[in-house]
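*Asks:* Got a predicted structure here, sequence first:
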Amino acid sequence: MNEIWTHIPIMAPQIADLILLNPRGVYIDATLGLGGHTKFFLSRLGADARILGFDKDEEALQMAVERVNDPRLIAFHASYTQAPLELKKLGLEGADGVLFDLGLSSYQLDNPARGFSMLRDGPLDMRFDRQNPLSAAVIVNTWPMAELERILKEYGEERSFTKIALAIMQARRQAPIETTGQLAKIVEKIYGGKRGKTHPATQTFQALRIACNQELENVEKALSLLEDIVKPGGRAAVLTFHSLEDRLVKNYFKKLVKDGNWLLIHKHALSAPFEEVRQNRRARSAKLRVIERIKI
Ligand SMILES: C[S@@+](CC[C@H](N)C(=O)[O-])C[C@H]1O[C@@H](n2cnc3c(N)ncnc32)[C@H](O)[C@@H]1O
């Protein structure tokens with residue numbers, strides 16, 4: 001299994017240059033995934049540095065621990081919202097740097113069994129954390145039409161939200177929609193098989209994933225933790241992959257700067273370099289924002 005799943009960490013050298021200011025520091029990888037960023041960061045850090053890594057996905061976390069295979073990583077199967085508590089338990093007042101790499105790892109996206117992929121058929125799941133009772137199938141088969149319309153519109157930014165919600169309601173009256181393939185076909189029909197650069201069901205899948213994992217609420221929670229987890233002089237980097245999350249980050253950073261204790265490192269979000277996008281398509285929509293807590 002370990003040989004099959006890969007996830008290339010996005011903008012790793014840029015993030016390392018921006019947040020690893022203290023080679024002996026304590027860092028938080030809030031979204032450890034398969035450990036790609038952490039492995040890269042550890043290659044740049046000293047022997048007594050530490051990284052606290054969090055992931056809600058137990059399978060991913062286990063793979064990360066095996067792959068990173070380094071005692072400087074302390075891994076937690078927990079949401080990053082637990083970071084302040086874990087810092088406290090370790091007697092640490094804060095981290096020198098934090099990375100939030102939001103979104104999906106390629107392991108989750110490519111593994112049909114996890115139910116995120118519209119191209120490879122699998123159960124309609126989409127949960128980062130398998131202990132979460134709310135799967136995409138529950139949403140699609142039980143939520144009322146108005147709620148389906150709302151998430152398609154708000155989280156998917158899908159223009160045909162009513163048509164898609166209606167098609168889902170009609171299909172589920174015949175039989176439950178159980179697989180990613182079934183759902184992808186329902187949406188494809190609405191678009192009459194027309195395809196732009198992306199699959200017609202991309203926005204629908206995005207909406208379900210966000211709803212299922214309460215992603216926007218979690219990003220807000222994560223941002224509200226920054227003051228508790230970043231030391232004065234430390235930095236936080238946030239990588240996002242869609243405009244809804246980037247907007248939340250941009251506005252929250254603005255507010256922090258206005259309150260006076262934080263400094264933006266760049267006025268605008270950074271994108272992945274051309275060469276990286278050429279080699280890894282998933283880097284194309286990445287936006288990186290970095291902020292520093294001012295030393296008092
Ligand atoms: C894009 S991947 C991270 C990839 C990682 N940086 C790497 O290089 O391998 C995002 C990860 O965040 C995890 N995740 C999502 N929400 C989370 C949360 N609230 N707390 C902890 N991890 C979360 C997902 O399970 C996923 O593994």
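*Replies:* Perfect, I can see it now. Numbering: from 1, shown residues only.

*Asks:* which secondary structure elements does the lowest-mean-pLDDT helix or strand in the chain contact?
*Replies:* Least confident helix or strand of the chain, by mean pLDDT, DSSP states H and E, is helix 106-110 with a mean of 78. In terms of contacts (3 or more Cβ pairs under 8 Å, 6 or more residues apart in numbering; DSSP states H and E), helix 106-110 is packed against helix 58-68. Yep, even glycine has a C-beta here, placed from its N, CA and C like the rest.

*Asks:* Run me through the strand neighbours of the very next helix or strand once past the helix it packs on, direction for each.
*Replies:* Going down the chain from helix 58-68, the next helix or strand is strand 73-77, by DSSP states H and E. Sheet pairing of strand 73-77 (DSSP bridges) gives strand 50-55 (parallel).

*Asks:* Is there proximity between the partner strand and the ligand?
*Replies:* Yes - residues of strand 50-55 are located near the ligand by Cβ under 6 Å from any ligand atom, namely Phe54, Asp55.

*Asks:* quick check: mean pLDDT across that strand?
*Replies:* For strand 50-55, mean pLDDT rounds to 97.

*Asks:* what does stretch 189-205 give?
*Replies:* Mean pLDDT, stretch 189-205: 82.

*Asks:* remind me, longest strand of this protein?
*Replies:* strand 230-240 (DSSP state E).

*Asks:* Of all the residues in the helix or strand just after that one, which ones are buried?
*Replies:* Sequence order places helix 243-259 as the next helix or strand after strand 230-240, per DSSP H and E. For helix 243-259, a neighbour-count test (16 or more other Cβ atoms under 10 Å) marks Leu244, Glu245, Asp246, Leu248, Val249, Lys250, Tyr252, Phe253, Leu256 as buried.

*Asks:* Near the ligand, which residues of the stretch 101-250 of the chain are found?
*Replies:* For the stretch 101-250 of the chain, the residues in contact with the ligand (Cβ under 6 Å from any ligand atom) are Asp101, Gly103, Leu104, Ser105, Phe128, Asn218.

*Asks:* Can you give me the neighbour number for His7?
*Replies:* The number of residues packed near His7 is 24, by other Cβ atoms under 10 Å.

*Asks:* who's in contact with it?
*Replies:* With contacts defined as Cβ atoms under 8 Å, 6 or more residues apart in numbering, His7 is in contact with Gly33, Leu34, Gly36, Ser105, Ser106, Tyr107.

*Asks:* any weak-confidence spans in the stretch 51-200 of the chain?
*Replies:* 193-196 (pLDDT under 70).

*Asks:* Show me where it has its helices.
*Replies:* Taking DSSP state H, counting those that start in this stretch as the test, the helices found in the stretch 51-200 of the chain are 58-68, 83-89, 106-110, 136-142, 145-154, 161-174, 180-190.

*Asks:* out of these, which comes closest to Leu52?
*Replies:* helix 83-89 (6.2 Å; Cβ to Cβ).

*Asks:* Go ahead and produce PDB holding the CA coordinates of that closest one.
*Replies:* This file holds the C-alpha atoms of helix 83-89, laid out as PDB (Å, rounded to 0.1, in the frame of the first residue of the first chain):
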ATOM      1  CA  ALA A  83      -2.900  21.700  18.700                       C
ATOM      2  CA  PRO A  84      -3.100  24.300  21.600                       C
ATOM      3  CA  LEU A  85      -3.900  21.400  24.000                       C
ATOM      4  CA  GLU A  86      -1.100  19.200  22.800                       C
ATOM      5  CA  LEU A  87       1.400  22.100  22.900                       C
ATOM      6  CA  LYS A  88       0.400  22.700  26.500                       C
ATOM      7  CA  LYS A  89       0.700  19.000  27.400                       C
END
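
*Asks:* Thanks again, I'm all set now.
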